[in-house]
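1. Generate coordinates for the sequence data below:
(2 chains)
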Amino acid sequence: MAQAADLDDRGLVEALCAGDETAFASLLDRYHGALVEVALRDLGDRTAADEVVRRVWLRVIDQIDELGRTDGLTAREWLARLVRAEVRRDGHGRAAVRARTSDGAGPAVDPARFVDVPRWGGEWAVRPKSWHRTAGRRLDAPETLASVRAAIDALGSDERSVYVLRDVEGRDPAEVSALLRISARAQRMLLHQARAKVWRALEIYFDALT
Amino acid sequence: MGERVSDDNRWTQCREIVELVTDYLEGALDMAARLNFEEHLAACPPCRDYLEQMRRTMELAARLGSSLLSPAARGDLILAFRGRGQR
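-> Here you go, the predicted structure:
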C-alpha cells in the first residue's frame, strides 16, 4: 500500500502495467479530483464530469495492456488526455454552453470598496473587518467550511478549476498549468479572481455572525 | 518610470495593492514591485488585514480536501480493476 502511494507518477504507470491493484488505487486517490476538474471545466456540469471520469477509469482498466506504449507520458498527462478525449466523445453540445466567466479582466476586489476622489483616491473606504473579532472561534467551524464550499461552487468553471486544483487540492502551479493547458499567467489571473470571490463570501459570512 | 512612489502617496495604492496580492503570494512580482508591495503593507493595516485574511481563506480551502470520489464509487472501480479481462 504505502509503497504504491510513495511511487512517483512514472513508477505508478509501471506498477499499473504489472497489474498492481494498489497502484490503481493510488492513481484514483491522486488524480480523481483533478480529473473531475479537468472535465468540469469543459462540461460545466458536475454530474456529467463525474460520469466522464468514471468512464475514463474503466477505460484505463481496459487499456492497461497498452500502457507500455504511453512512452514519455506521465500518468497525469495520459489521464488528462483520456479525459479530454472522453469529453469530446461525450460533450460536443454541452461544451458550447459551458459557463466560462471572467478571463481575469477587471479588478477582483470591488472598486466601490475604495475611495474614489482625486488626490485621495485608492484608499480603503470599506476596510476588511477583523475576522478574529467578528468570527472568534467560528473561523474553523464546519459552517465556515460549508460557506467556503458554497463560494467555490458559485465560481465560474475556469476559476473553479484553477481554485480547486491549487487551493483545495494543493497542487503546484506547473502541474495545474499542464492539467488545464493554460499559461502560468492565465492561471494566476484566474486564481486571483477566484480567491477574491471566496474571500468576499467569507467576509459576508463572518459579517452576518456579528 | 522607475520612480519610487513617495510615502505621501502610499494610501493611493490600496486599490492597486489588493490586485497584486496573488502575484505576491505566487512569487510573481519582480524585486522592485515586491519591495513596493511590502513597504505599502508595513504602513497600511487594512491591506495587511486583507493579505492575512487571504491567507486564512487559503488555509480554510485547503482544509476542504478533495473528497469527490465516494467510497462506494472507489470500491466499484477497484472491483472492476480486479475483474479486468473477465468481462
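2. for A:Tyr163, what are its contacts?
-> A:Ile152, A:Leu155, A:Leu190, A:Leu191, A:Ala194, A:Arg195, A:Val198, B:Ala61 (C-beta atoms under 8 Å, 6 or more residues apart in numbering or on different chains). For the C-beta atoms, the positions are set from N, CA and C on the backbone; glycine is no exception.
3. can you do 7 Å?
-> A:Tyr163 sits next to A:Ile152, A:Leu155, A:Leu191, A:Ala194 when contact means C-beta atoms under 7 Å, 6 or more residues apart in numbering or on different chains.
4. again, but for A:Leu28
-> Here A:Leu28 is in contact with A:Trp57, B:Leu69, B:Arg74, B:Leu77 (C-beta under 7 Å, 6+ apart).
5. swap the cut-off to 8 Å and go again
-> A:Leu28 makes contacts with A:Trp57, B:Leu69, B:Arg74, B:Leu77, B:Ile78, as judged by C-beta under 8 Å, 6+ apart.
6. Dihedrals phi and psi, it?
-> Per-residue torsions, A:Leu28: phi -60, psi -50 (degrees, to the nearest 10).
7. And it, how far from A:Glu175?
-> Distance of A:Leu28 to A:Glu175, computed by C-beta to C-beta, to the nearest Å: 17 Å.
8. cool, and A:Ala39?
-> A:Ala39 sits 17 Å away from A:Glu175, going by C-beta to C-beta.
9. Not counting its neighbours along the chain, what's nearest the spatially most central residue of chain B?
-> Among the residues of chain B, B:Thr22 comes closest to the average C-alpha position under C-alpha atoms, centre = their mean, at 5.5 Å. Spatial nearest neighbour of B:Thr22, chain neighbours left out: A:His192 (3.7 Å); criterion: C-beta to C-beta, 6 or more residues apart in numbering or on different chains.
10. So that neighbour is in contact with A:Pro107, correct?
-> No - under the criterion of C-beta atoms under 8 Å, A:His192 makes no contact with A:Pro107, lying 9.8 Å away.
11. which of these two has more neighbours?
-> More crowded of A:His192 and A:Pro107, by other C-beta atoms under 10 Å in any protein chain shown: A:His192, with 26 against 15.
12. about what we covered before: between A:His192 and A:Pro107, what contacts are shared?
-> The contact lists of A:His192 and A:Pro107 share B:Glu19, where a contact means C-beta under 8 Å, 6+ apart.
13. ok, and for the helix or strand where A:Leu16 lies, which residues are buried?
-> With elements taken from DSSP states H and E, the one containing A:Leu16 is helix A:9-17. Judged by neighbour count (16 or more other C-beta atoms under 10 Å in any protein chain shown), helix A:9-17 contains these buried residues: A:Asp9, A:Leu12, A:Val13, A:Ala15, A:Leu16, A:Cys17.
14. can you redo those residues as TSV with pLDDT and distance to chain B?
-> Listed next are these as TSV, based on pLDDT from 0 to 100; distance: C-beta to the nearest C-beta, whole Å:
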residue	pLDDT	distance to chain B
A:Asp9	73	17
A:Leu12	80	13
A:Val13	78	14
A:Ala15	84	12
A:Leu16	83	9
A:Cys17	82	12
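15. Pick the one among these closest to A:Ser183.
-> Using C-beta to C-beta, A:Asp9 comes nearest to A:Ser183 of the buried residues of helix A:9-17, at 22.1 Å.
16. surely that closest one meets A:Arg76?
-> Yes - applying C-beta under 8 Å as the test, A:Asp9 and A:Arg76 come out as touching, 5.9 Å apart.
17. how close does the residue nearest to A:Val162 when sequence neighbours are not counted sit to A:Ser177?
-> Using C-beta to C-beta, 6+ apart and skipping the chain neighbours, the partner closest in space to A:Val162 is A:Leu190 (4.2 Å). The gap separating A:Leu190 from A:Ser177 is 11 Å, by C-beta to C-beta.
18. if I read this right, B:Ala28 contacts A:Arg188, doesn't it?
-> Yes - with contact defined as C-beta under 8 Å, B:Ala28 counts as touching A:Arg188 (6.0 Å).
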